[in-house]
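> Quick one, fold the following:
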Amino acid sequence: MKRVNATYIALLFVVGQVLPLLSTPAIAQHPEQCSGCANCEMQTAPRAKKSGQVQQATIVIEERQFNPADIVVEPNVPVELTFNRNGFWECSDQVFIPDLRVRKSLETGQKVTVKFTPTKLGVIPFTCGTGRLKGKILVETPDANTLTRDLSCTGGLQ
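As a prediction, this is how the structure comes out:
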């Protein structure tokens, strides 16, 4: 009888330790102030660089993905976002930003700049012409610290 009780108690202990790990996503346990670490495999999206009164960033289309896939910009400051197609993949011959009503053709090696001024906080998604490559323009205040994506999700083919 004592052996059964000890086995039962050990089983309850293991289940009590493992079950919470299975039911709670790892992201929920991660501290909000983290700016990216190897433990959580999260990274912070790069911010567009300010050049005078304009924010500038370049997104390269390579290896079937946008690099970087996410970019952070500030509201009410003009943005010049340059897309550089660096390969021959059929689906990367266009960039489409639906919220801005922008669709631009991209030739291999060609740089195309999209100019806009975001007026509200939020996310502006963009894709390749077929919608298979995905990225985001994150409009945030300068003091925001946003964890945007897991490194296993590179913004590449879905």
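> Would you agree residue 126 is in contact with residue 95?
Yes. Counting by Cβ atoms under 8 Å, residue 126 touches residue 95, with 6.2 Å between them. C-beta coordinates here come from the backbone N, C-alpha and C atoms, glycine included.
> Okay, strands next: where are they in the protein?
Secondary structure of the chain (DSSP state E): strands at 36-37, 42-44, 49-51, 54-62, 65-67, 70-73, 79-85, 94-97, 102-105, 111-116, 122-128, 134-139, 147-150.
> Rounded mean pLDDT for the fifth one, please.
For strand 65-67, mean pLDDT is 90.
> Neighbouring strands - and their directions - for that strand?
Paired strands of strand 65-67, with direction, are strand 54-62 (antiparallel) (DSSP bridges).
> which outside residues touch the partner strand?
46, 48-50, 66-68, 71, 73-74, 77-87, 89, 92, 95, 106, 111, 128, 133, 135 (Cβ atoms under 8 Å, 6 or more residues apart in numbering).
> With stretch 86-97 instead?
Applying Cβ under 8 Å, 6+ apart, the external contacts of stretch 86-97 come out as 60-64, 83, 85, 102-109, 112, 114, 124-133, 137.
> Would you mind checking those residues for buried ones?
Buried residues within those, counting neighbours by 16 or more other Cβ atoms under 10 Å: 60-61, 64, 83, 85, 102, 106, 112, 114, 124, 126-129, 132-133, 137.
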